[in-house]
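Colleague: After the sequence you'll find the predicted model.
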Amino acid sequence: MTSETSANSASPDPSSGSTSDPSREAPSGRSPHTFQVDLRGLVDLLSHHLYSSPRVYLRELLQNAVDALTARRAEQPDAPALVRLYASGGRLRIEDSGIGLTETDVHSLLATIGRSSKRDGVQGLASARAEFLGQFGIGLLACFVVAAEIRVVSRSARTPAAPPVEWCARDDGSYTVRTLPDSARPEPGTTVHLVARPGSADWLAEERVLALARDFGSLLPYDVRVGEAKVTALPAPWDRPYPSPAGRRVALARHCHEQFGFSPLDAIDLDLPLAGIRGVAYVLPSAVSPAQRAGHRVHLKGMLLTDRADELLPDWAFFVRCVIDTDSLRPTASREALYADETLAAVREALGERIRDWLTGLAAGDPERLADFLSVHHLGVKSLARHDSAMLRTMLPWLPFETTDGRLSLEEFARRHPVVHFTRTVEEYRQVAPIASAQGIGVVNGGYTYDTELVERLPSVRPGTAVAELDADTVTAHLDTVDPAQELALGTFLAAARARLDPLGCDVALRAFHPLTVPALHLDDRSARHEQARADAQEQADDLWAGILGSLRGSAPRARLVLNHLNPLVRRIGSLDTPELAATATEALYGQALLMAQRPLRPADSALLNRAFIGLLEWATHPAAPPDPAQPQNSARPQEDDR
């Protein structure tokens with residue numbers, strides 16, 4: 001005999017004792033039942049706050065079906081294990097041969113939010129808890145994200161004599177439960193029917209359902225099909241037998257392209273038996289920013305959990321993308337991310353160790369592939385080597401650095417130079433590199449990401465190596481001094497040059513150095529730049545801030561313009577009889593030195609360059625009366641000969 005129960009969407013008053021327990025039915029055999037929450041609010045919560053996309057509805061359906069199969073196999077190992085999906089005209093039907101439900105189960109599980117058969121042991125399978133995918137009991141109601149109506153027809157495999165039961169619910173919060181004749185479901189298992197919500201029919205189209213099923217369920221351990229199309233593809237690509245290593249590389253490259261859209265430089269096996277993890281990491285073929293968040297694909301017992309697991313690997317391993325299957329990591333409530341706990345931290349470290357082992361293996365046995373890898377991803381390896389002495393020692397012959405000897409490894413550079421000098425910024429390197437190279441000083445550009453840290457750690461992995469920061473004083477000390485008599489003869493010119501550049505916070509020195517083609521060298525260090533920035537800010541500040549900034553003035557060295565006495569142009573400028581022309585030429589040398597060092601120009605520097613350029617043009621066009629660039633141009637211009 002068929003019985004039926006129904007309910008509206010009103011939430012029960014807790015004080016009234018209202019419940020969905022079928023044992024409290026009224027004498028008429030019919031009693032109201034209600035969801036324990038406002039279903040409309042729940043649908044909004046699921047679609048806008050818990051789940052990132054309506055696509056997860058299919059994962060929930062597959063998950064329930066797979067859990068039902070797992071539960072039945074735990075009691076009946078020889079039971080069939082099939083999942084079939086049929087989609088057409090805004091409707092979807094999914095059938096499984098799982099454990100099924102009785103009428104009591106339906107009332108207990110489908111009408112109470114948060115109740116889970118896997119957690120509460122209603123199905124009597126607490127011992128099989130670890131085998132279930134579902135963890136939080138939201139389950140079937142997540143389908144209301146795309147469905148206006150859900151109908152479940154189920155027959156229990158545990159009590160085959162019990163008739164099939166139907167549970168039918170709508171998104172207005174009402175549901176009905178009734179028993180059906182045996183012919184409605186002859187075999188144990190469950191069938192779920194969905195009717196699309198307005199505007200959601202595309203989510204239930206066959207092509208979309210097949211794509212979602214393959215995305216979520218390709219690694220599931222059971223036979224899953226959409227119509228006649230097979231969804232599961234076991235064993236996983238990394239576990240399949242291949243005729244040769246080359247054939248395996250080709251197959252994994254194809255898999256990588258399907259999953260991530262790129263062809264990898266290499267594939268790294270990720271095998272952690274103790275953690276129940278199997279998978280593969282694909283090496284990106286092009287450089288990416290370390291700040292770019294990785295999108296790793298994580299399957300939980302075969303079901304795709306997330307394709308954006310950026311916390312799976314250490315931060316330094318940003319050059320790979322992973323696909324793994326695990327049975328040990330915990331999902332969050334939405335089952336779209338990993339729960340950050342000690343297990344995840346241990347797995348992250350272990351997977352990082354696998355990638356370290358791969359790099360070490362390349363260094364030991366395949367230097368060509370390592371060179372190809374480092375040409376693209378040296379930044380990631382440098383990031384790892386900062387904190388891993390063994391990795392730094394292994395990679396010393398391979399990691400490239402910009403040096404005055406060209407692009408070399410630190411190992412090769414240290415063999416060439418007794419002292420490894422380095423600069424902390426690219427600007428400092430550009431200032432000193434040409435001159436240092438001509439003087440035989442080896443310099444490493446430490447201005448790029450991680451390079452300074454690695455150079456400073458060099459003595460710890462290569463005992464006996466001397467490392468020193470190269471500053472302006474060190475460079476100047478390596479330049480040859482000029483004969484005192486020659487410097488004295490240029491005293492008037494040097495005094496005028498110092499007076500002209502003093503307002504710019506720059507001293508003038510005379511040295512002899514190679515190459516001869518460099519007339520002047522602008523040298524400063526961080527302290528000098530900080531002092532100049534303070535002085536510039538003081539000039540532009542009001543009286544209060546000018547006083548404060550003035551009190552902060554330190555004894556930092558000033559920048560200096562080092563004139564090259566070996567350069568013929570400098571000697572000619574020093575011998576000019578016209579002081580104003582010599583001063584203008586000094587400003588031009590200062591500006592040219594700034595440009596050669598590729599330093600950013602301050603407004604005062606730009607004004608000086610413009611003034612020097614105009615002044616030299618005036619002199620070139622009117623050599624008999626050189627202008628004073630410090631005076632207005634119309635007053636310095638010589639009179640035209642009227643004859």
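Modeller: Looks like it came in fine.
Colleague: Wasn't residue 191 part of a strand?
Modeller: Yes - residue state for residue 191 (DSSP: H, G, I helix; E, B strand; the rest coil) corresponds to a strand.
Colleague: Number of residues surrounding it?
Modeller: By other C-beta atoms under 10 Å, 19 other residues sit near residue 191. From N, CA and C alone the C-beta is placed, and that goes for glycine too.
Colleague: All the strands of the stretch 201-350 of the chain, in order from the start?
Modeller: 223-226, 229-230, 267-272, 277-283, 297-300, 303-306, 320-326 (DSSP state E, counting those that start in this stretch).
Colleague: Can you check which of the ones you listed gets nearest to residue 197?
Modeller: strand 223-226 (20.8 Å; C-beta to C-beta).
Colleague: quick one on the thing from earlier: make TSV out of the strands of the stretch 201-350 of the chain and add distance to residue 418.
Modeller: Output for the strands of the stretch 201-350 of the chain, formatted as TSV (distance: least, C-beta to C-beta, whole Å):
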stretch	distance to residue 418
strand 223-226	68
strand 229-230	67
strand 267-272	39
strand 277-283	37
strand 297-300	51
strand 303-306	53
strand 320-326	39
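Colleague: and the gap between residue 165 and residue 172?
Modeller: Computed as C-beta to C-beta, to the nearest Å, the residue 165 to residue 172 distance reads 22 Å.
Colleague: Those two: who's more crowded?
Modeller: Per other C-beta under 10 Å, whichever of residue 165 and residue 172 has more neighbours is residue 165, with 27 against 12.
Colleague: Let me have the strands of the stretch 201-350 of the chain in JSON lines, extended by mean neighbour count and mean pLDDT.
Modeller: Listed next are these as JSON lines, based on neighbours: other C-beta atoms under 10 Å; pLDDT from 0 to 100:
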{"stretch": "strand 223-226", "mean neighbour count": "21", "mean pLDDT": "96"}
{"stretch": "strand 229-230", "mean neighbour count": "14", "mean pLDDT": "95"}
{"stretch": "strand 267-272", "mean neighbour count": "19", "mean pLDDT": "95"}
{"stretch": "strand 277-283", "mean neighbour count": "23", "mean pLDDT": "96"}
{"stretch": "strand 297-300", "mean neighbour count": "22", "mean pLDDT": "94"}
{"stretch": "strand 303-306", "mean neighbour count": "23", "mean pLDDT": "91"}
{"stretch": "strand 320-326", "mean neighbour count": "24", "mean pLDDT": "96"}
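Colleague: residues touching residue 370, list them.
Modeller: Listed by C-beta atoms under 8 Å, 6 or more residues apart in numbering, the contact partners of residue 370 are 359, 362, 363, 398.
Colleague: pLDDT value on the residue nearest to it when sequence neighbours are not counted, please?
Modeller: Excluding its sequence neighbours, the residue lying closest to residue 370 (C-beta to C-beta, 6 or more residues apart in numbering) is residue 362, at 3.9 Å. pLDDT, residue 362: 92.
Colleague: Next up, identify which helix or strand residue 362 is on.
Modeller: helix 342-365 (DSSP states H and E).
Colleague: That helix relative to strand 320-326, how many degrees between them?
Modeller: Here the directions of helix 342-365 and strand 320-326 differ by 130 degrees (axes from the mean of the first three to the mean of the last three C-alpha atoms, to 10 degrees).
Colleague: Of all the residues in helix 342-365, which ones are buried?
Modeller: 344, 347, 348, 351, 352, 354, 355, 356, 358, 359, 362, 363 (16 or more other C-beta atoms under 10 Å).
Colleague: how close does the nearest residue to residue 240 once chain neighbours are set aside sit to residue 373?
Modeller: Leaving aside its sequence neighbours, residue 240 sits nearest to residue 251 (C-beta to C-beta, 6+ apart; 7.2 Å). Relative to residue 373, residue 251 is positioned 21 Å away (C-beta to C-beta).
Colleague: what ranges do the helices span in the stretch 101-250 of the chain?
Modeller: 103-105, 117-120, 206-217, 245-260 (DSSP state H, counting those that start in this stretch).
Colleague: Just tell me which of those ends up closest to residue 301.
Modeller: Here helix 206-217 is closest among those (C-beta to C-beta), at 11.0 Å.
Colleague: excluding its backbone neighbours, what's nearest residue 289?
Modeller: That would be residue 318: by C-beta to C-beta, 6+ apart, it lies 7.8 Å from residue 289.
Colleague: and the gap between that neighbour and residue 308?
Modeller: Counting by C-beta to C-beta - residue 318 and residue 308 are separated by 14 Å.
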